[in-house]
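[1] structure for this input, please:
(one chain, ligands or ions: 1)
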Amino acid sequence: MSDFVSQGGPQTLCHSCGSDTMEPVPGLEDLGLVTSDCRPWDGRRFLSWCPCCGLVQKCVDQDFHADCCRIYDSYAVYHQSGGQEQKTFGADGAGVARSEHLLRGLQSHLPLPDSGRLLDVGCGNGVLLKSFGALNPAWTLCGLDLDDRSREVVKALPGVEDFYCCDLMEVPGSFDVVSMMHCLEHVLAPVEFLRKTARLLEPGGLLLVEVPDFATNPFDLAIADHCTHFTPETLKGVARRAGFEPVLLERGLVSKELTLLARLTSAPNPTCKMTDSRKEALRALDWMTRTLRVAAEIPPQELGIFGTSIAGVWLFNCLGRKAEFFVDEDQSRVGHPLFGLPVVSPSQLQSGQTVFLSFPPAIAKSIAARMADSPARLVLPPER
Ligand SMILES: [Zn+2]
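    Sure, this is the predicted structure:
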């Protein structure tokens, strides 16, 4: 799909608005990387900021294109748990699938009709379709993805009518809801991509976009195949430039993420409040650098990394892939070795072990509170 991976030389223009006034955001080039499917990644990325549209973005050069091709060729979504979706955990430690958590949260904001048609763009192995179908059994569901790998798995889900592996412009029919879960941050021309999406929506139809919130989750910047990094303001700006008007923009409906619901408008309003997202990016990179410094002081032979998703794998990579074990609260991940290391549950920790909580500070603190009785030494990241 050319929207995700196109050929091109070194990029000096904004990949969204085309402006040639890009400003560098230094710091990322000195940090390690991780893929969006949570694998350590060798290479360097450069970050920049567009003063014209406000987007923080990767420099999309030939290395970026080549890496994305390699990453998507061997993409293994949720490999840590045999394909089971990532869970979000409440203060009581109870886990729920991330897409189910999102959809339940949205129901209270905007109840959907009993029936309709939904297209999930970038559907992967169908985790959103599965959760949506369970909550809305009379809806007709379709999925679209980069490759055919999950066609049969997706088509076997209840309510799924079809699976497409084509350009957005070639998808037949129209839909009441088009969803994009963790998709828009991979797309090279996000405004153009949303404009293409518009033609698939019924009048009054809804666009649902879920992207990482790098200001609350700095690790998003280190994801090798994410080319755009959104703030609430820049996500709103992209939607408005594409002709949508947000009806809901929530920060933290799902922890560390931004949720946008938008409708097409007949009177586009491309203006948005331009906050300095460059400053946010510099702050995030500074915190990651300090976090790494704290973790690097722990002797690798006693180090356990809490977390087997983006942040944990990023830290593992930055530390030269030297640690003794991983820790995870998600039971579907416990017992499945990750990069040759054991994954244990918090209840299996012993004295003499040191566990680094590789999370933004607020989340690390809430996990540490749940583990107050642990015999292991817990090390938290620095404050922001
Ligand atoms: Zn721009």
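
[2] residues of the top strand by length along the chain that come out buried?
    As assigned by DSSP state E, the longest strand anywhere in the chain is strand 201-212. Applying a neighbour-count criterion of 16 or more other Cβ atoms under 10 Å, the buried positions in strand 201-212 are 201, 205-212. Backbone N, C-alpha and C define where each C-beta goes, glycine included.

[3] partners of it, with directions?
    strand 175-181 (parallel), strand 257-264 (antiparallel) (DSSP bridges).

[4] how about these in JSON lines, adding mean neighbour count?
    As requested, those are exported to JSON lines (neighbours: other Cβ atoms under 10 Å):
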{"stretch": "strand 175-181", "mean neighbour count": "23"}
{"stretch": "strand 257-264", "mean neighbour count": "22"}
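
[5] dump these to JSON lines, plus mean pLDDT and distance to Leu146.
    Formatted as JSON lines, the strands paired with strand 201-212 follow (pLDDT from 0 to 100; distance: least, Cβ to Cβ, whole Å):
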{"stretch": "strand 175-181", "mean pLDDT": "97", "distance to Leu146": "13"}
{"stretch": "strand 257-264", "mean pLDDT": "96", "distance to Leu146": "21"}
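
[6] which one of these lies nearest to Ala97?
    Ala97 sits nearest to strand 175-181 of all the strands paired with strand 201-212, at 11.8 Å, using Cβ to Cβ.

[7] what's in contact with the closest one?
    Contacts to strand 175-181, defined as Cβ atoms under 8 Å, 6 or more residues apart in numbering, come from residues 99, 102, 112-113, 116-122, 127-128, 132, 142, 197, 200-202, 205-210.

[8] ok, stretch 323-332 next?
    Residues contacting stretch 323-332 (Cβ under 8 Å, 6+ apart): 80-82, 84, 86-87, 89, 93, 95, 300-308, 312, 316, 334, 338, 341-346, 349, 353, 355, 367.

[9] and the average pLDDT for that stretch is what?
    Averaging pLDDT along stretch 323-332 yields 95.

[10] next one: stretch 139-154
    Average pLDDT, stretch 139-154: 95.

[11] next, the buried residues of it.
    Neighbour count says stretch 139-154 has 139-146, 150-151, 153-154 buried, by 16+ other Cβ under 10 Å.

[12] for the residue nearest to Gly124 when sequence neighbours are not counted, grab the count of nearby residues.
    With sequence-adjacent residues excluded and distances taken as Cβ to Cβ, 6 or more residues apart in numbering, Gly124 is closest to Val77, at 4.9 Å. For Val77, the neighbour count with other Cβ atoms under 10 Å is 16.

[13] assign Val77 to helix, strand or coil.
    Three-state call for Val77 (DSSP: H, G, I helix; E, B strand; the rest coil): coil.

[14] and it, what pLDDT?
    pLDDT, Val77: 73.

[15] surely it touches Gly126?
    No - here Val77 lies out of contact with Gly126, judged by Cβ atoms under 8 Å, at a distance of 10.1 Å.

[16] intersection of neighbour lists for these two?
    Common neighbours of Val77 and Gly126 (Cβ under 8 Å, 6+ apart) do not exist.

[17] neighbouring contacts of the longest strand of the chain?
    Contacts of strand 201-212 (Cβ under 8 Å, 6+ apart): 102, 106, 110, 117, 174-185, 194, 197, 220, 223, 226, 229-230, 235, 239, 244, 247, 254, 256-264.

[18] for stretch 140-150, same thing?
    Counting by Cβ under 8 Å, 6+ apart, 1, 4, 72, 75, 115-126, 129, 132-133, 154, 157, 159-166, 168, 171, 173, 175 sit against stretch 140-150.

[19] how many neighbours does the closest residue to Pro299 other than its chain neighbours have?
    Leaving out its chain neighbours, the residue that sits closest to Pro299 by Cβ to Cβ, 6+ apart is Thr354, at 7.8 Å. For Thr354, the neighbour count with other Cβ under 10 Å is 18.

[20] tell me the pLDDT at Thr354?
    Value for Thr354, per-residue pLDDT: 98.

[21] surely it meets Leu380?
    No - look at Thr354 against Leu380 with Cβ under 8 Å: they stay out of range, at 11.7 Å.

[22] so which strand or helix has Phe193?
    Phe193 is part of helix 190-198, with elements assigned from DSSP states H and E.

[23] residue contacts, the residue nearest to Arg151 when sequence neighbours are not counted?
    Leaving aside its sequence neighbours, Arg151 sits nearest to Phe163 (Cβ to Cβ, 6+ apart; 4.8 Å). Phe163 makes contacts with 123, 142-145, 150-151, 154-155, as judged by Cβ under 8 Å, 6+ apart.

[24] show me those that map onto helices.
    151, 154-155 (DSSP state H).

[25] out of these, who's nearest the ion?
    Val154 (33.9 Å; Cβ to the ion).
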